[in-house]
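J.: predicted model, plus sequence, below.
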Amino acid sequence: MLIWILLIIVPMLFGLYAQMKIRSAYARNSQVGSRGGITGREAAEAVIRSAGITNVKIIEVPGELTDHYNPMTRELALSAHNYHGSSLAALGVAAHEAGHAIQHKVGYAMMNIRQTLAPATQIAASVSNFVLIAGIFLFSSAIGGKLLVIGAIALAIICLFQFVTLPVEFDASRRAKEQLVGLGILDRDEMKGVDETLDAAALTYVAAFVAALGSLLHILLMLSGRRSED
């Protein structure tokens, strides 16, 4: 029971805390307008243009915190509030996504590894829950053991993907902060709100990795215990 709490419940609570942290930081800094009044779209455009990037399209997408950069289509997608907004949160998020576009252009190694892992991770994520539930339900049978092994492999892929994601996200935020000040989009004293928003966002990626690692270790311990019984 203690191991289950440490490997499953604690990461779950950490994940909930991280989600509350990003939503709180984003909501708070979305209310703080930048002095320059530049929009998120304009900030993202300024950052990618300063890097000599001319083949990335900036688009608006529905939802909140749905912002992302797609290297396959070369589209930098910003949610409506960040696309049109001029808050510290909007500029931080927009510049962060532009940081991913810069990573793509310069061939940032960890981003390339992440993209290579993406297809396998999508498959692993789609089958892991079903395989693991079935494996736990059939734990004492031979097929149950095989299903748990497959589930462990799927979790290992997901865990590796989440681990590689960490430096990719941290580096994009670093580039974003440098560009926002370097291009004069924000004054240095305005960066506190950007730092708070992007640091809270980074925490969600740490939580995702911790959750994946905890689940993997839990299944490996189950398999180890099963072999001991055999």
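T.: Ah, there it is.
J.: give me the element the most centrally placed residue in the chain is part of.
T.: Against the mean C-alpha coordinate of the chain, by C-alpha atoms, centre = their mean, the closest residue is Y205 at 4.6 Å. Counting by DSSP states H and E, the element that carries Y205 is helix 191-229.
J.: likewise for A120?
T.: A120 belongs to helix 109-137 when assigned by DSSP H and E.
J.: elements contacting whichever helix or strand comes after that helix?
T.: Using DSSP H and E, the helix or strand that directly follows helix 109-137 along the chain is helix 142-182. Based on contacts counted as 3 or more C-beta pairs under 8 Å, 6 or more residues apart in numbering; DSSP states H and E, the elements that helix 142-182 packs against are helix 40-50, helix 88-106, helix 109-137, helix 191-229. Yep, even glycine has a C-beta here, placed from its N, CA and C like the rest.
J.: low-confidence bits of this structure, can you list those?
T.: 1, 226-230 (pLDDT under 70).
J.: check contacts around the residue lying closest to A118 once chain neighbours are set aside.
T.: Here the nearest residue to A118 in space, its sequence neighbours aside, is F161; by C-beta to C-beta, 6 or more residues apart in numbering that works out to 7.3 Å. For F161, the contact set (C-beta atoms under 8 Å, 6 or more residues apart in numbering) comprises R114, L117, A118, T121.
J.: surely G145 and G225 touch.
T.: No. The pair G145 and G225 fails to qualify as a contact (C-beta atoms under 8 Å) at a distance of 11.1 Å.
J.: more crowded one of those two?
T.: G145 (18 against 11; other C-beta atoms under 10 Å).
J.: from M222, how far off is that one?
T.: As for G145, its distance to M222 is 9 Å (criterion: C-beta to C-beta, to the nearest Å).
J.: check G33 too.
T.: 52 Å.
J.: tell me the bridge partners for H68.
T.: The residues paired with H68 through beta bridges, assigned by DSSP bridges, are A77.
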